[in-house]
Every structure is written in structure tokens, then in C-alpha cells.
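Chemist: Quick one, structure for this:
(one chain, ligands or ions: 1)
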Amino acid sequence: MLDQYRALVSPTSDVLQVLAGPGTGKTRVITARVAYLLCVEHLAPEDIIVTTFTKKAANEMKRRLNEMLVDYSPKIQLNNLFIGTFHSICVRILRVFGSKIELDSRFKIADETDSKQLIKRVLQDKYSDAPGASTTLVVKVTDKDINEYKYFISACKSKALFPDEVPLDLTDKAFEDHIYTYKKYQHSLRTNNLIDFDDCLLLAYKLLKKYPTCLHDIKHVLVDEFQDTNLVQLELMYLFGLNSHNRVTVVGDPDQSIYGFRHAEANNFYRMENYYVERGAKVMKVQLDENYRSTSNILSFAETVIDSKQKSKREPKKLKSNTKKENLPVYFDAYVNNKEEARRIAEDVRTLDYKYSDIAILIRSAFLSRMIEQELIHANIPYIIVHGRSFWELREVKLMVDYLRAIASNVDWLGYSRSMEFVITGLGTKSLQSIENDFESRRGKGHAGNVYKIIKSIVKEDRKGFSTKAREGLRKYVKTIHKARHILKNESKEMPKRLNKMFDLVVEQSNLIELVCSKKSKAKSEEEARNDITENLNELKNQLITFAPAEQVLPEDTDKESERLSEESKDSSDILTQFLDSIYLYEQTHYKQSKENDNSEGKVTITTIHGAKGLEWPVVFIPGLADGIFPSKYVLNEPNSKKRNATMDEECRCLYVATTRAKERLYLSYFVEAESFWQDTEKRTVSSLIKGRPMKLVEKRKHSNYGRAVGFASANKKAADFEKFKSRNARMVVQAYKEFSHIPTAVPVVFTTAKKRISRITGLNPVTGAPLNKKVKRKRLGMGRPMKPYPLGK
Ligand SMILES: Nc1ncnc2c1ncn2[C@@H]1O[C@H](COP(=O)(O)OP(=O)(O)OP(=O)(O)O)[C@@H](O)[C@H]1O
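Modeler: Numbering: from 1, shown residues only. Here you go, the predicted structure:
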């Protein structure tokens, strides 16, 4: 507590680094520090920049500040606080000052699909222009190529490097080729008036480096989750703080750095210290070592994992637990398969004396949720599942978003082309190409290409080269856009009503549900598919209608030209544009709820570990702790040992983050075989992240009513135990088979599994009793390809 207080009141003229472990109150300190700056140092809210890792964290901080300052007089306008993710803050800066670096303030943010489409185009042009390339054959660009170039470009941008600034190794031709692609990609973004996710930071960096006075009023900069900043974010932090004479506060924990795949650099703590010391600033460091969240058993387990498994150098931390809760052991279970694991978790959730909302299941990868969801539904337990971006990847959602982009802009060629291609029958590649050529040529003459006008003129002039069907489709398409815009402008109605009406109109006029339905997988019935699509579109509509636009204002700009531009850009900051920006800017998380009605018990949370950052629950389950899952097989199979070590360290930190979310009870588990994962018959071993020393700190649970759980005393004994389990299990299965064999079709799944198991153990055909032939035996023993379940009742 004393250390927290020291951090809170440390002189604001110094640079302050709060470097502390999980649950030590970093978020609490940074929030209180903002309140301190407002109430004691009397800074105005608009003089402070606060960066958080997610939009949710920004909202939570605002909520806590509101609570803290509720009785403070005179009332502080917290809406004016300049708070958000680095990306959202940079976009706001670019919208106002972007023209200084020749950026059209009406730019749109390119999403993943846009970026990939543009890179693909650049690569196609490059391959077909290459000497000796065929003039007739269309060059195939693979997803692997696109991803490789995309990764390279993103890596350069995260280091604040424009194409001309990437250090060129002349001996490496392949590298030159990457830089060339980067340059062309930037050009094509610009010609489409797009900036990609990384550009939000890179362009703001370019702007502020050249015109640092844009933020002349900023008097203090605070950065939360500093361990997950990359180099360009570090540079931005320096630039944000330039006019305030480096009044900067950062909080973070290097052990919780889990965004290396997005080029985050935990070393930024040291870089920042050197930077400020070189400039004569005083760097004040405060360590917090009292943990207010977890019991000491949980903390020792987490510390042992990271200390014994992480290869890179680290200062050992000794966190003291400050909770009065019973110090229960950390539990560990091993199961024969993921179904048993999920079933046991559901059983525990049901019987534990906690509200459902006190419980979280943290998974390393989203695919692990399927079995767990199934078992929770089976046990009638309400849950909420936090999906990352997967909702936004759904075909109907992407298409509707493309349509909304066309409504919001006249120049967004990618939004127009994708939505037209899908909804207009008879509009072939040639017709689309002709519209694009028109768009390109008009832009070439110095005007902004206007897709909307082009389509209107095609319809009006009955332009040749378009079939009657295509022209009719185009007519309907522009009419829908026109009507949708008209509805949005109707000021006599409230905005949510306008958005609702506009959304319904587009869905109806475009026939979107039927079109997507006709292209859905045949695995679902037509009715099921239609219901799913309707539900997803309703969810999107709900997100749009309830969207709250950012309220914070930019620090006042005295530059006359910028004032004028700011006025002009008001047009582009309408609600639809802001909503579309927000989809790409924030980790827009979509929450899927189970169908049950909510009650006072709340809902169990299922989330990925990355989605659990900064959160806490009394009870935490971490399933799937097996090699190949956590750590993933990509990490284990990485051939480059340096890269492998770095990614293994990141997996280790991931587990550290996951375990330290638990306040009172922590349950770890793994399974040997995966049921229902593709054709996966691999036998898994316990995760190397917990093998050895950390295992000594866990307690095996007794499974009196769970015959099928594998109770391993220690990781070393697991192989022998598994064999024992198999024969015990086989006996049970044989018994079950004998008892129920007269009703085979009633429970086909059980019997298919039973038959497989019996023949695996005995080497005999369970129906005829004859020895299995060599080929079948190999399959049963898991040596060949996985067997198909064979027909029952024979
Ligand atoms: N001084 C304090 N007294 C009582 N409880 C505290 C104190 N400081 C923090 N807490 C509580 O401890 C928990 C963790 O605090 P907080 O989320 O601020 O930690 P953190 O360091 O940001 O954690 P992490 O890095 O793991 O996200 C919260 O429930 C918070 O309310």
C-alpha cells in the first residue's frame, strides 16, 4: 500500500516507471494517478493523454475515475480526457492534422481483407511484369506469399520504418523484393485513400515528428500495459510527451508481455530509461510487491512456472499475497480425452459453491472451446464466450460491413467492389474491371474517383458492355445506397431509429440472407443456416445501434489551416464512419451467450488467455495443458532454435498471465487423446510448461465417481498409469457392451467407441471374436490412418 502511495504522489516532473507483478494494483495506481493530476495538480482533462490496451480498459478506467471524482467540485469533464488505445488516439490526431502530411482526412481504415487484397494485386502485377512471364496465364498468388509479405511490412511499420528507410542489404535480392512490395503496397493504399492498422501509428509518428507542436497542450502522458508496446508506440510516447517536458508515467510487467507476435518489445522499459536519462530527466522507479488478488499457493505456482521455464533473463520476483482467503492447493487433473476433461469441468462448475459469474475457463486457442461449450450446455450451465475477431470474419457480417462502407463513402472502391460482386447477379469480372478502370482514370486526372457517380452514370446512360441484368442490378444497388443515405439524414428521428431502418432496408433490398444462405455449407439445413445468418445480422445491427462514438476532443489547435480542415472533416466523423473505424481499431470483441436466461448466478466466462489480460476471477480453470496445444505444435516444431526459445518464453508468460487471473481456486488439466478434433489420434503428453518443478506444487484430485479420469501421481508415472487406465477402462466398456448390445442403434456413439476400444486392447473383432487381420489391427492400434466407425448391428 505504501509503495502504491509512493507511486501515486511521486513528483510529476519526473518520469515514473511502475514495474510490478500481477495483481499488485498497477491499474489502480494509474487510475488514481490520473485523478491526482486532475485534482491536486489541477491539470485539465484535455491536457492528459492516457493509453490503454483495449477500449474496454479505457471505459473501465473512465468508470472508476467517475466514481473517484463523483463528489469533487468543480465538476471535472472526464469526457474531455484524451484516453484510448494508441491506434484510436493516433486516428483522431490524423483526422485533424493529417493534411500536413498530405493525407486526405476522409481516409478509411483498411481491414485485414483489404490489406491482403491489395498485397495480392501488387504481387500479381509484379509477377506478370517479370521478364519472361506469360501474357496469357493468370499468375497464382498463394495465401502463404501474401501472409509472408504482410508480416514483413507489419514488422517494418512496427519499427517506424517507411519503405525508403528499411536498411537495405544489397547482397540479399529477396529482401529488396520485399521492400519493393512494401513500397507498391503503400502506394496502392494511398490511391484508395486507405491507411492500414499499422499506418495509424506510423503516419501519426511521421506527422508528430515533423510537427511536434500539434499536441502543444499536452501536460502529462500515461501508458498502461507498457510491456506490450512496440517500437513505434515507444517513439509516439516520446512525441506525445515532448511538449510536456517528458512528464510521463508508465506501468507494466515484463513477465506479462504476450504480444511478441505483434512485435511488442518488453525491452522498451530499458530503452525508455536510457532515452530519458540521456536527456537529463530523472527516472523514478517504483516496484510493487504486494499482491491483492491471489492466494500464496497460486502465486508460488505462477512464479515457479516462469522462473524455471523461461529461458531469457529475468529478475526473480517475490510477490507477497495480501488476501485473507483460504490458501487452497493448485489442482491438477489428467484425462483420457478432452470430452472427459470438459465433462469434469462442467461438473465442478455445477458443484462449486460459487456464482457462475465468479468462474472463468481460460483457453490457449479458440478451438478448445467447442467441447467445453457442449458439456456446459449439456449440464445446463449458462456461459458467455468471448470470441476474438471471429464474428467479424463471418461472410454475412463482412458483406454487410462492405455495404455500410459503400453507404458511408463515395470513394471506397474495395467496399463497393466486394459488395457489388456478391449482391449483383450478372455483374462479371469484366464489368467490375471496367468500373475500376473508370474509377482509376478519373482519379488519374486529379479528381477523387467517385464510384457512386460512376455507377449512376452507367445506369443512366445505359452504358454498353454491361448486360441488362447487370445494369438492373446496379440500378437497384445505387437506389438502395441513395435511400439508406436519405434515411440516415432524416433528423426528425433519433439516430438509433434511423440506423435500424437503414440496416433493415439494406438487408431486404440486397436479398443478403438468401444469397449468403445459398452459399453456406451443406452441413446445416437451410432453415438452420437462415436462422444463423439472421441472428448474426441482428447482432451486427445491435452493435451498430448501441455504438457510442468517442467523446473525447482533440487538444485545441491554434493553427488556422488545421482549424479549417477540422471543420471539413466533421463530415467524415459521422456515426457510420466512426462505427466502421471502431471495428478495425479496437479489438472488437464479440460476446456469444448461451441461450439460457441470465439469473442471479450470472454466467461462466470462456475466453482465450489473451482476452483475459487485466481481468480476475475467484475460480479459474486452464484446460488443455498438453504439448502440441499449450505450447502449440507450431512453437514446438519451430526449426530455428532462437525463434523457438523466444516463442516458448512467450507461451510461458501466457501461462503466467492465465494462472495469475485466479483469486482463490486454480484448476489445471490436460487430456491424452482428442475426441472430435479433425482426425487427430495423436497421444498427448503433459505440457512441458508445467512438467518438473511446477508439478511439485500441484495436488492431484481424487476421482471417486470419475472412472475415466487418469489420476497421475506425477508426470513421470503417466505412461504406466495410462496403460493401467486403458485396461480398467476396457473392462468397463466390455461390460457396457455386453449389457446393451441388444439396442445398438440407440447409442451408436458409445458403441462405436466401445468397439474401437475393445479391439484396441484385445486385438479381436468385438462382434465376431475373430482375430483382426494385420491391416485392421494396425489401424486399431493407432498405427495407420484413423479408422472409420464400422457399421453397427452386424
Ligand atoms: N491497496 C489495495 N487494497 C485492496 N485491494 C487492492 C489494492 N490495490 C489493488 N487491489 C485489488 O487487487 C486486484 C488487482 O488490482 P489491479 O487490477 O489494479 O492489479 P494489476 O497490477 O493491474 O494486475 P494485472 O497486472 O494482473 O492486470 C483488484 O481486485 C484490486 O481492486
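
Chemist: From here on, just use CA atoms for contacts and neighbour counts.
Modeler: OK.

Chemist: Pairing partners for the longest strand along the chain, with directions?
Modeler: If you go by DSSP state E, the chain has its longest strand at strand 662-673. Using DSSP bridges, strand 662-673 pairs in its sheet with strand 330-337 (parallel), strand 617-622 (parallel).

Chemist: pLDDT on the first one, on average?
Modeler: By that I understand strand 330-337. When pLDDT is averaged along strand 330-337, the result is 88.

Chemist: Repeat that for stretch 422-437.
Modeler: Per-residue scores along stretch 422-437 average to 82.

Chemist: on that earlier part again, mind exporting the C-alpha coordinates of the longest strand of the chain to CSV?
Modeler: What follows is strand 662-673, C-alpha atoms only, in CSV (Å, rounded to 0.1, in the frame of the first residue of the first chain):
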residue,chain,number,x,y,z
ALA,A,662,-7.2,-16.7,-10.3
LYS,A,663,-8.0,-15.3,-6.9
GLU,A,664,-8.9,-18.4,-4.8
ARG,A,665,-9.0,-21.6,-6.8
LEU,A,666,-6.9,-22.7,-9.8
TYR,A,667,-7.6,-25.9,-11.7
LEU,A,668,-5.2,-27.1,-14.3
SER,A,669,-5.8,-30.1,-16.6
TYR,A,670,-4.8,-31.9,-19.7
PHE,A,671,-6.0,-34.8,-21.9
VAL,A,672,-4.3,-37.6,-23.6
GLU,A,673,-6.5,-38.1,-26.7
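
Chemist: quick one: it near the ligand?
Modeler: No - using CA under 6 Å from any ligand atom, strand 662-673 never reaches the ligand; the gap is at least 8.8 Å.

Chemist: who touches that strand?
Modeler: Strand 662-673 has contacts (CA atoms under 8 Å, 6 or more residues apart in numbering) with 293-295, 298, 325-338, 341, 616-626, 659, 681-687.

Chemist: nearest spatial neighbour of Thr213, skipping sequence neighbours?
Modeler: Asn243 (7.2 Å; CA to CA, 6 or more residues apart in numbering).

Chemist: So the one you found sits against Leu215, correct?
Modeler: Yes - using CA atoms under 8 Å, Asn243 is in contact with Leu215, at 7.2 Å.

Chemist: which of the two has more neighbours?
Modeler: Using other CA atoms under 10 Å as the criterion, Asn243 and Leu215 rank with Leu215 on top: 21 against 18.

Chemist: Surely the more buried one is in contact with Met237?
Modeler: No - at 11.8 Å, Leu215 does not count as touching Met237 under the criterion of CA under 8 Å.

Chemist: For stretch 353-366, which outside residues touch it?
Modeler: Here stretch 353-366 has contacts from 349, 369, 382-383, 387, 600-609, 612, 617-624, 629-630, 658, using CA under 8 Å, 6+ apart.

Chemist: Turn the buried ones among those into a named PyMOL selection, would you?
Modeler: Restricted to buried positions by 16 or more other CA atoms under 10 Å, the PyMOL selection for those reads:
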select buried, resi 349+369+382+383+387+602+603+604+605+606+607+608+609+612+617+618+619+620+621+622+623+624+629+630+658
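
Chemist: Among the contacts of stretch 353-366, which ones are in strands?
Modeler: Going by DSSP E, the strands hold 383, 387, 604-608, 617-622 from the contacts of stretch 353-366.

Chemist: and the residue of the stretch 251-400 of the chain found nearest the ligand, what does it touch?
Modeler: When scored by CA to the nearest ligand atom, the stretch 251-400 of the chain has Tyr292 as its residue closest to the ligand, at 4.1 Å. Tyr292 makes contact with Gly23, Thr24, Gly25, Ser321, Asn322, Thr323 under the criterion CA under 8 Å, 6+ apart.

Chemist: Alright, calling it a day.
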